[in-house]
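Chemist: sequence isn't available, so here's the structure alone:
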């Protein structure tokens, strides 16, 4: 996933330190779930939706998919109104 999104400056993919069949250990990213973020910052809804669609599009054209792609796997943060 890091390779797919490397040129998208507003998207960060977590670092995974250890991965096994049933779990992984990764860095902790502080942020909001998509719905909570949109409720809290409604003026950013269009940007969030565009980034989610972009993530799916990039996976399509790279023929590489996240095996559990759903909104619960997106964490949204706001830094300097971006």
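Modeler: That came through, no problem. Remember, it's a predicted structure, so these values are computed and weren't measured experimentally.
Chemist: I'd say residue 52 and residue 34 touch.
Modeler: Yes: contact criterion CB atoms under 8 Å: residue 52 and residue 34 qualify, at 7.3 Å. C-beta coordinates here come from the backbone N, C-alpha and C atoms, glycine included.
Chemist: isn't residue 69 up against residue 52?
Modeler: No: counting by CB under 8 Å, residue 69 stays clear of residue 52, with 9.7 Å between them.
Chemist: go through this protein and flag its longest helix.
Modeler: In the chain, ranked by residue count with DSSP state H as the criterion, the top helix is helix 45-62.
Chemist: and the strands in the chain, which stretches?
Modeler: 16-19, 24-26 (DSSP state E).
Chemist: as CSV, these with mean pLDDT and mean neighbour count would be great.
Modeler: Formatted as CSV, the strands of the chain follow (pLDDT from 0 to 100; neighbours: other CB atoms under 10 Å):
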stretch, mean pLDDT, mean neighbour count
strand 16-19, 90, 10
strand 24-26, 89, 11
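Chemist: ramachandran angles for the residue sitting nearest the centre point of the chain?
Modeler: By CA atoms, centre = their mean, the mean C-alpha position of the chain lies nearest to residue 74, the distance being 4.1 Å. When read as degrees, to the nearest 10, the backbone of residue 74 gives phi -110, psi 130.
Chemist: would you quantify the distance from it to residue 42?
Modeler: Shown here: residue 74 relative to residue 42, a distance of 17 Å by CB to CB, to the nearest Å.
Chemist: kindly report the same for residue 8.
Modeler: For residue 8, the distance to residue 42 (CB to CB) stands at 23 Å.
Chemist: of the two, who's got more company?
Modeler: residue 8 (13 against 9; other CB atoms under 10 Å).
Chemist: what sits against that one?
Modeler: Residue 8 makes contacts with 51, 54, 58, as judged by CB atoms under 8 Å, 6 or more residues apart in numbering.
Chemist: and those, which of them are buried?
Modeler: Neighbour-count burial (16 or more other CB atoms under 10 Å) applied to the contacts of residue 8 gives 51, 58.
Chemist: take the contacts of residue 8 and lay them out in CSV including pLDDT.
Modeler: Shown next, in CSV, are the contacts of residue 8 (pLDDT from 0 to 100):
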residue, pLDDT
51, 87
54, 87
58, 84
